[in-house]
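In: Need a 3D model of the following:
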Amino acid sequence: MKLLLNAALIAALGLTAGACTIVTDPSSGSSAAGSSDQAGFLNRQQQIAEFAQANLDRLKTDMAAGQGEYLSSLATLMAIAPNDQPAFFAIVQQKFTVLFPNDRTTAPEMLTALNQQLRADPHFGQQLALN
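Out: Next up, the predicted model:
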């Protein structure tokens with residue numbers, strides 16, 4: 001009986017350890033899950049997507065104003081350099097109706113539109129090509 005309980009405990013601990021979340025620093029570009037650059041890149045994209053999903057209404061408000069805490073956080077997650085953030089803020093404010101064409105715009109739709117707008121911008125498009 002004791003052997004059976006030990007086996008069940010070990011199995012439960014194994015399942016718990018497998019469900020742990022790996023947290024990374026988005027500015028480091030590294031991941032505890034792996035050492036490849038692609039793993040860090042995908043993790044950063046996932047963090048951006050999750051942040052946008054969780055904070056879409058606040059991002060929408062900040063983007064309309066061209067400033068704000070949530071917009072600054074998004075810029076940081078996207079690895080926009082601090083000296084480029086005012087230009088980023090201006091783009092999202094100018095392109096607000098493209099980023100949010102209707103009241104049902106989802107976070108993934110907004111991020112796709114944002115990526116398209118940044119790639120079309122002479123300054124940010126060049127930076128994105130380098131990444």
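
In: Distance check, residue 82 against residue 89.
Out: Note on residue 82: its distance to residue 89, by Cβ to Cβ, to the nearest Å, is 12 Å. In short, each C-beta sits where N, CA and C put it, glycine included.

In: Tell me which of those two has more neighbours.
Out: Between residue 82 and residue 89, counted using other Cβ atoms under 10 Å, the more crowded position is residue 89 (20 against 9).

In: And that one, how far from residue 103?
Out: Remark: distance between residue 89 and residue 103 (Cβ to Cβ) = 23 Å.

In: Identify the residues contacting residue 110.
Out: Contacts here follow Cβ atoms under 8 Å, 6 or more residues apart in numbering; on that basis residue 110 touches 52, 56, 59, 99-100.

In: Looking at those, which are in helices?
Out: 52, 56, 59, 99 (DSSP state H).

In: which one of these is nearest residue 45?
Out: For the ones in helices among the contacts of residue 110, the residue nearest residue 45 by Cβ to Cβ is residue 52; the value is 10.7 Å.

In: Give me the pLDDT value at the closest one.
Out: Per-residue confidence (pLDDT) for residue 52: 97.

In: Burial check on the nearest residue to it once chain neighbours are set aside, number of neighbours?
Out: Once flanking residues are discounted, residue 52 sits nearest to residue 107: 4.0 Å by Cβ to Cβ, 6 or more residues apart in numbering. For residue 107, the count of nearby residues is 18 (other Cβ under 10 Å).

In: so how far is residue 83 from residue 107?
Out: Distance from residue 107 to residue 83, by Cβ to Cβ: 27 Å.

In: likewise residue 59?
Out: For residue 59, the distance to residue 83 equals 22 Å [Cβ to Cβ].
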